[in-house]
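> below is the structure, and that's it, no one-letter string:
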Ligand code: F6R
């Protein structure tokens, strides 16, 4: 959460910083600020709200070719102008932006900075005040910076300006993502390459507990003890157009529409010249060696893990447990003798998942990360990676990453089944083609989902989703999507479970969205719908061709029974999208949320 940028070079950088922050708004958007440094000193501009609000407050006449910026997702202290970054030391000599959480900030405050008058409620201010104090004790800025970082416990990506040295941005990273970008006559700093693609595609990756001295024509990486580190740059495989909305009103709608394309891309990425599934041999061997798979994830990725369990157990015959990362981290169950851990994470940066990965590696277990972001922390730190190839996902509500996660998990399961000689009743490449076409048909039927959203969701207080088996797992995802962007209290339930308590909440007109795509439970789920209708519910049944009925609100095209989740989730995504629009909600930037959750 929170995004930072920095620029040092040969031209006015206000617009570069502001544009970069706009591209990082997915990481947090409750307040923002920039600091510019020139011959006249340091100028700080901050606002509560979005980058658009900040833009209005920035003095156009200030010209500066060095600066840092920040967009915030509040952890310590309410979203406000005072708590917005950059923060300055009392002397105004140092100005700093920070992404992360300093766990021992209160201890440092009391032990080392008792005489300092803090102006904000943030943990961040402790860092900048301590740097100032350490410089006052006689250290150089670089020494004071490294000394301060050694005192901090927690996560940080930091950009620091010194009012007495216009030629340097000091940078550091621990657990929070940060890259240094290289240009001709300038260098940049960003939480994500997306922020600076407009000026460079060349980046240097930073490791935890590294410090970087960034000047306009040099970049020096150091360890916390001052040892020098050499590292070659890489080229970001991103195109500026990948991160634009184009003609779409929202990123979420664009990303829903991209799903058929992503399915086809995944087929091409995981297929050999003979049209057979092709997976990294090391990943296959790790799966074959495991007596049990533990899937660890959060939110939407956790929901994808539940469907992944179905694939891996049914196709590859390997037992699977799926765990919410934040729980697993503190309540590790009894493990099997030869576990394999699979981390599912769109961003590859989720702190809760990373905390489990760190423990897993300490125990010496093997770990595979399934992620959309090559080079992300979870990818780097696991033994193996499978990429989603979904392209940047910018809307806070995850859509195409979810379907890509299901697709990659299915490929993994099929590959292991093939390696074990288990015969399957389908050709996955053919099935994925059918699924891509079905997704396309659903995306072309948006008006219908708009109407259904208006009818069922435009004014309701709450909504229930019911399904059985893999339909139940999609219901959990449908409910999460609806609540996060439309703020409707929505819950997904196993069809048979509602009557064990929650049915008490059904009132006249309560919408109940029921999924029926599995023949063996079709009659039972329809029975569950009758139970809620008898208590006044307004049912919206989404079935699949072949199991449809006159009472259904929508029927999705037929696909193989094991892969219906890839298709039924599309109507649920579109219903959420239109429900949010009908309720005047900010679809791409829902309240209280951020895309990349880098705090535990
Ligand atoms: C919901 C959503 C979140 C994420 C969760 C994990 O739409 O996006 O629930 O799925 O925060 O994020 P990743 O997959 O990046 O680990």
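Arrived safely. Please read all numbers here as calculations on a predicted model, not as lab measurements. Numbering: from 1, shown residues only.

> so residue 220, which of the three states?
strand (DSSP: H, G, I helix; E, B strand; the rest coil).

> so it makes contact with residue 226?
No - at 10.8 Å, residue 220 does not count as touching residue 226 under the criterion of C-beta atoms under 8 Å. Bear in mind the C-beta positions are built from the backbone N, C-alpha and C, glycine included.

> between these two, tell me which one has more neighbours.
More crowded of residue 220 and residue 226, by other C-beta atoms under 10 Å: residue 220, with 14 against 10.

> can you name the next helix or strand after the host helix or strand of residue 479?
For residue 479, the host element (DSSP states H and E) is helix 470-486. Where DSSP H and E defines the elements, the next helix or strand beyond helix 470-486 is strand 489-494.

> could you give the number of residues near residue 76?
So residue 76, with other C-beta under 10 Å, has 16 neighbours.

> read off the pLDDT value for it.
Looking at residue 76, its pLDDT reads 90.

> same check, this time on residue 593
pLDDT for residue 593: 82.

> so what's the nearest residue to it once chain neighbours are set aside up against?
Take residue 593 and drop its neighbours on the chain: the residue closest to it by C-beta to C-beta, 6 or more residues apart in numbering is residue 396, 5.1 Å away. Listed by C-beta atoms under 8 Å, 6 or more residues apart in numbering, the contact partners of residue 396 are 26, 484-485, 588-590, 593-595.

> and if we set it to 7 Å?
Residue 396 makes contacts with 26, 588-590, 593-595, as judged by C-beta atoms under 7 Å, 6 or more residues apart in numbering.

> tell me which element it is part of?
Judged by DSSP H and E, residue 396 forms part of no helix or strand.

> for it, phi and psi?
phi -60, psi -40 (degrees, to the nearest 10).

> begin at 280 from now on, thanks
Yep, numbering from 280; the last one is residue 675 now.

> tell me how far it lies from residue 637.
26 Å (C-beta to C-beta, to the nearest Å).

> so which of the contacts of residue 675 is the closest to the ligand?
For the contacts of residue 675, the residue nearest the ligand by C-beta to the nearest ligand atom is residue 874; the value is 6.9 Å.

> who's in contact with the residue nearest to the closest one when sequence neighbours are not counted?
Of all residues not flanking residue 874 in the chain, residue 305 sits nearest, at 3.8 Å (C-beta to C-beta, 6+ apart). Counting by C-beta under 7 Å, 6+ apart, residue 305 makes contact with 673, 675, 874.

> which residues touch the residue in the stretch 330-479 of the chain positioned nearest to the ligand?
For the stretch 330-479 of the chain, the residue closest to the ligand is residue 456, as judged by C-beta to the nearest ligand atom, at 11.6 Å. Contact analysis of residue 456 by C-beta under 7 Å, 6+ apart lists 436, 470-471, 628, 656.

> related to what we said a few turns ago, what's the residue nearest to residue 874 sitting at in phi/psi?
The phi/psi pair for residue 305 (degrees, to the nearest 10) is phi -60, psi -20.

> residue 658 too?
phi -70, psi -50.

> name the helix or strand for the residue nearest to it when sequence neighbours are not counted, please.
Of all residues not flanking residue 658 in the chain, residue 664 sits nearest, at 4.4 Å (C-beta to C-beta, 6+ apart). Following DSSP H and E, one finds residue 664 within strand 663-666.

> can you list the residues of the stretch 430-579 of the chain near the ligand?
Taking C-beta under 6 Å from any ligand atom, the part of the stretch 430-579 of the chain that reaches the ligand is made up of 577-579.

> picking that back up, what sits against the residue nearest to residue 658?
648, 650, 658.

> circling back to that earlier point, buried subset of the residues of the stretch 430-579 of the chain next to the ligand as a ChimeraX selection?
Selecting only the buried entries of those in ChimeraX, with 16 or more other C-beta atoms under 10 Å as the criterion:
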select :577,578,579
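
> among the residues of the stretch 430-579 of the chain next to the ligand, which ones are in helices?
Here DSSP state H is the test, and those give 578-579 as lying in helices.

> relative to helix 749-765, how tilted is the longest helix seen in the chain?
Looking across the chain with DSSP H, the single longest helix is helix 679-699. Helix 679-699 runs at 160 degrees relative to helix 749-765, counting by axes from the mean of the first three to the mean of the last three C-alpha atoms, to 10 degrees.

> which other residues reach helix 679-699?
Here helix 679-699 makes contact (C-beta under 7 Å, 6+ apart) with 534, 537-538, 541-542, 545, 549, 556, 558, 563, 566-567, 579-580, 583, 586-587, 590-591, 594-595, 597, 623, 625, 649, 651, 665, 667-669, 672, 703, 707, 711, 756, 842, 844-845, 848.

> which of these fall within helices?
534, 538, 541-542, 545, 563, 566-567, 579-580, 583, 586-587, 590, 707, 711, 756, 844-845, 848.

> mind pulling up the pLDDT for the closest residue to the ligand within the chain?
Closest approach between the chain and the ligand, counting by C-beta to the nearest ligand atom: residue 578, at 1.9 Å. pLDDT, residue 578: 97.

> repeat that for residue 498.
For residue 498, the predicted pLDDT is 97.

> so it sits right up against residue 490, yeah?
No - assessed by C-beta atoms under 7 Å, residue 498 is found out of contact with residue 490, at 11.4 Å.

> who has more neighbours, those two?
Applying other C-beta under 10 Å to residue 498 and residue 490 shows that residue 490 carries more neighbours, namely 23 against 18.

> may I have the beta-bridge partners of that one?
Per DSSP bridges, residues listed as beta-bridge partners of residue 490: residue 451, residue 501.

> what parts of the stretch 730-879 of the chain come near the ligand?
Going by C-beta under 6 Å from any ligand atom, the residues of the stretch 730-879 of the chain near the ligand are 759, 763, 876.

> turn these into JSON lines, columns for pLDDT.
Formatted as JSON lines, these follow (pLDDT from 0 to 100):
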{"residue": "759", "pLDDT": "98"}
{"residue": "763", "pLDDT": "97"}
{"residue": "876", "pLDDT": "78"}
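
> before we move on, what SS does the residue of the chain positioned farthest from its centre have?
Within the chain, residue 417 marks the point farthest from the mean C-alpha position, 42.1 Å out by C-alpha atoms, centre = their mean. Assigned with three-state DSSP, residue 417 falls in the coil class.

> for the residue nearest to residue 658, give its distance to residue 454.
For residue 664, the distance to residue 454 - C-beta to C-beta - is 19 Å.

> what does residue 526 give?
On the measure of C-beta to C-beta, residue 526 and residue 454 end up 38 Å apart.

> those two: who's more crowded?
residue 454 (22 against 6).

> if I look at the nearest residue to that one once chain neighbours are set aside, how far off is residue 453?
Using C-beta to C-beta, 6+ apart and skipping residues adjacent in sequence, the residue nearest residue 454 is residue 434, 3.6 Å away. Distance, residue 434 to residue 453, using C-beta to C-beta: 6 Å.

> do the same with residue 437
For residue 437, the distance to residue 453 - C-beta to C-beta - is 9 Å.

> and these two? Which one has more around it.
Set residue 437 next to residue 453 and count neighbours by other C-beta under 10 Å: residue 437 wins out with 31 against 20.

> name the element the more buried one belongs to?
strand 435-441.

> let me see the mean pLDDT of that strand.
In this model, strand 435-441 has a mean pLDDT of 97.

> how about stretch 306-323?
The model assigns stretch 306-323 a mean pLDDT of 94.
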